[in-house]
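In: How does the following fold in three dimensions:
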Amino acid sequence: MRAASAARRAEAGEWRGIVLVTGTDTDVGKTVATAAVAAAAQASGLRVAVIKPGQTGIATGAPTDIEVVTRLAGPDTVRVLAEYPEPMSPLAAATIAEMAPLELYEVVDAIRAEADKHDLVLVEGAGGLLVPMGVRPSGEAWTLADLATTLGVGALVVARAGLGTLNHTALTLEALARRGVPAGVIIGAWPGDPELVHWANLSELVPHLVGALPEGAGRMDPGVFRRSAPGWLTPALFGVLDNWRVWAEETG
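Out: Numbers count the residues shown, from 1 in each chain. Modelled structure (predicted):
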């Protein structure tokens with residue numbers, strides 16, 4: 001029932017309620033893409049929450065994903081459900097640190113609680129779709145794909161623009177489709193000086209695309225970022241980008 005409802009919303013071009021953000025790999029721009037969607041949604045009048053179930057790598061001292069989202073977009077609500085020292089998958093990081101892993105249904109309850117108070121809840125994963133996030137009550141590992149099917153919601157897949165992205169994106173979309181999870185694709189960092197491979201990849205990805213962020217967007221002044229974000233996203237994500245051909249001509 002929930003999966004069918006999510007599919008209908010996605011087909012209607014409505015990315016509201018709970019939306020998961022995953023990637024084809026790590027360091028593809030998930031966090032900045034999450035911030036862009038949050039900024040565009042808030043600019044359109046929606047109340048937005050961003051949740052990071054498992055933040056790893058806090059021992060490195062680098063800004064956390066939720067800190068980046070807060071600086072760039074300033075969502076109404078931000079939450080981190082668990083933090084772990086080492087920069088690895090949440091389940092592995094919990095094991096290494098001898099800390100409690102994320103329990104699937106506790107995460108589900110926390111997300112649904114925010115959904116009752118917000119128009120849009122963006123849930124940013126860690127790495128790719130099938131990275132082990134935590135454990136079920138049975139002790140079995142769960143992934144963001146499992147979270148999507150449990151919640152019955154859609155997912156945004158953030159992908160690279162360059163070589164290798166077609167295979168990685170197709171694998172992620174196929175894994176989601178097999179689970180009945182509707183999905184859209186965002187290019188995490190479109191280069192300022194695109195090469196032939198980037199244009200070729202763009203033409204292949206267009207049927208799935210709902211956004212494309214410029215390279216370096218995460219380094220923008222927050223005010224500029226928030227004003228610019230709607231121009232990187234299609235109306236389905238509260239943006240104004242409605243013609244990829246025009247966008248390509250202007251970008252090129």
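
In: tell me the mean pLDDT for stretch 180-187?
Out: Averaging pLDDT along stretch 180-187 yields 97.

In: Off-centre distance for that stretch?
Out: Its chain's C-alpha centre and that of stretch 180-187 lie 10 Å apart, by C-alpha atoms, centre = their mean, to the nearest Å.

In: again, but for stretch 229-247
Out: Taking mean C-alpha positions (C-alpha atoms, centre = their mean), stretch 229-247 and its chain are 17 Å apart.

In: Render the CA-only coordinates of it in PDB, please.
Out: C-alpha atoms of stretch 229-247 as PDB (Å, rounded to 0.1, in the frame of the first residue of the first chain):
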ATOM      1  CA  ALA A 229      19.100  26.000  -6.000                       C
ATOM      2  CA  PRO A 230      15.700  26.100  -7.800                       C
ATOM      3  CA  GLY A 231      17.600  26.600 -11.000                       C
ATOM      4  CA  TRP A 232      19.300  23.300 -10.600                       C
ATOM      5  CA  LEU A 233      16.100  21.300 -10.000                       C
ATOM      6  CA  THR A 234      13.000  20.400 -12.000                       C
ATOM      7  CA  PRO A 235       9.500  21.400 -10.800                       C
ATOM      8  CA  ALA A 236       9.200  17.900  -9.300                       C
ATOM      9  CA  LEU A 237      11.800  19.100  -6.700                       C
ATOM     10  CA  PHE A 238      10.400  22.600  -6.400                       C
ATOM     11  CA  GLY A 239      12.700  24.100  -9.000                       C
ATOM     12  CA  VAL A 240      12.300  25.800 -12.300                       C
ATOM     13  CA  LEU A 241      14.500  23.600 -14.600                       C
ATOM     14  CA  ASP A 242      12.000  22.400 -17.200                       C
ATOM     15  CA  ASN A 243      14.000  22.100 -20.400                       C
ATOM     16  CA  TRP A 244      17.200  20.100 -20.500                       C
ATOM     17  CA  ARG A 245      18.000  21.100 -24.000                       C
ATOM     18  CA  VAL A 246      18.000  24.800 -23.100                       C
ATOM     19  CA  TRP A 247      19.900  24.000 -19.900                       C
END
